[in-house]
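Novice: what would the 3D arrangement of this be:
(one chain, ligands or ions: 2)
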Amino acid sequence: MSEVFEESTDLRDELVRPHPSGKLVCVACAHRCKLADGARGVCFVRSRVGAALKVPWGYTAGVAVDPIEKKPFFHFLPGSRALSFGMLGCDLHCDYCQNWFTSQSLRDPEASQRAALTTPETLVEAALEHRCAVITSTYNEPLITAEWAHDVFVVARRAGLATTFVSNGHATSEVLDYLAPVVDAYKVDLKAFDAKTYLSLGGKLQAVLDGIRGLVERGIWCEVVTLLVPGLNDGDVELEAIAGFLARVSRDIPWHVTAFHPDYRMTDPPPTPAATLERAAAVGRQAGLRFVYAGNLPGRVGGLEDTRCFRCGTNLVRRTGFSVVSSTLAGDGRCASCGATIPGRWSRGAATNPQELSTTPARTLES
Ligand code: SF4
Ligand code: SF4
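Specialist: Ligands and ions are numbered 1, 2, ... in the order given. Modelled structure (predicted):
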């Protein structure tokens, strides 16, 4: 285990709650680990020390400048740069993880454990130096390192940067309350609509569904991604369930259906064909979603990389892959043709056009 990882910690108590047994409950993610003194959680990165938790703080295991479209956010400052930072570890263990080198570093001896000391101020200075409008907590699962992201985002907000989370959404109401004052936009991976599939990845579907609703209720801009893995989650029934759930939360949630390619421990399924993405997009529109995008196959999915006005159909933002080719959207997000307001945040400093919560209650697994 690297020294930097072991030593770059802080003692914090914002995301702990007492338990009648005398243990402490970590509420940073939906595992809600009950910890006796000295015990580590499922994620391996948080452990109890007395009345507090020792949490990761003050290092990164990866920093890069990415287009915001790579996160992906399509309705949040399109065309801008995002300084992206990650730490080590994840509360899930997906066999197809594209970031396994850092996310699984505490479970898999073949993964990386390299980390470098840093401070919130250093990261924010780097973002400004690279002309980024956004700073993003990503690569590993940011919920399990929420205090670090929180502290970076406080400094970033002061410097005029927008702040985003790229997460599996396996959250709790407590961690969303903690993050809401400092996070502008949040990308959730909704990996399936099957509780057993989620269990096999190490998580709970209902927690992710509650997380998506909780984000929209708190006014945090939310985009959802589903990586379509042939044979795992690409059947019509499952796609209809995902799209139906999202539309019942808000028709304004952009849904990105993205193509799988064999990675890490999942090498058997073939890559997702473009036709599957197009079929999923049709299911999404049929369910009432206003914005459905197809990703990971640039230039091969018709207009499914572009943002069109939900009312008049005018093509407002043209994209290829992670590049914005052209945009006619004004800063206030109004369609130049019909004047409809497109939900999202379209320019720096402009207030977000919020997602409208549906009045229909979102179906839960139990109902
Ligand atoms: S972040 Fe999640 S997995 Fe880690 S200790 Fe807290 S509840 Fe457990
Ligand atoms: S939740 Fe994301 S980071 Fe974690 S293992 Fe799964 S794909 Fe990787």
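Novice: relative to ligand 1, which residue of the stretch 201-350 of the chain is the closest?
Specialist: Going by Cβ to the nearest ligand atom, ligand 1 is nearest to Gly202 of the stretch 201-350 of the chain, at 9.3 Å. Bear in mind the C-beta positions are built from the backbone N, C-alpha and C, glycine included.
Novice: ugh, wrong one, I meant the stretch 1-150 of the chain
Specialist: Nearest to ligand 1, among the residues of the stretch 1-150 of the chain, is Gly41, at 2.0 Å (Cβ to the nearest ligand atom).
Novice: quick one: contacts for that residue?
Specialist: By Cβ atoms under 8 Å, 6 or more residues apart in numbering, Gly41 lies in contact with Cys26, His31, Cys33, Leu35, Ser47, Asp91, Ile144.
Novice: go ahead and confirm the third one touches Cys26.
Specialist: Right, the one you point to is Cys33. Yes. Using Cβ atoms under 8 Å, Cys33 is in contact with Cys26, at 4.9 Å.
Novice: quickly list what's touching both of those two.
Specialist: Common neighbours of Cys33 and Cys26 (Cβ under 8 Å, 6+ apart) are Gly41, Arg46.
Novice: of those two, give the one with the bigger neighbour count.
Specialist: Cys26 (27 against 21; other Cβ atoms under 10 Å).
Novice: beta partners of that one?
Specialist: Assessed by DSSP bridges, Cys26 has beta-bridge partners Val16.
Novice: now do Gln206 against Lys191, distance only.
Specialist: 13 Å (Cβ to Cβ, to the nearest Å).
Novice: who has more neighbours out of these two?
Specialist: It is Lys191, of Gln206 and Lys191, that has more neighbours when counted by other Cβ under 10 Å, with 25 against 14.
Novice: need the pLDDT of Thr364.
Specialist: Thr364 carries a pLDDT value of 50.
Novice: pLDDT (mean, whole number) over the longest strand along the chain?
Specialist: Across the chain, the longest stretch assigned as strand under DSSP state E is strand 221-228. In this model, strand 221-228 has a mean pLDDT of 98.
Novice: is any residue of it near ligand 2?
Specialist: No. If you take Cβ under 6 Å from any ligand atom as the test, strand 221-228 misses ligand 2, and the best it gets is 8.1 Å.
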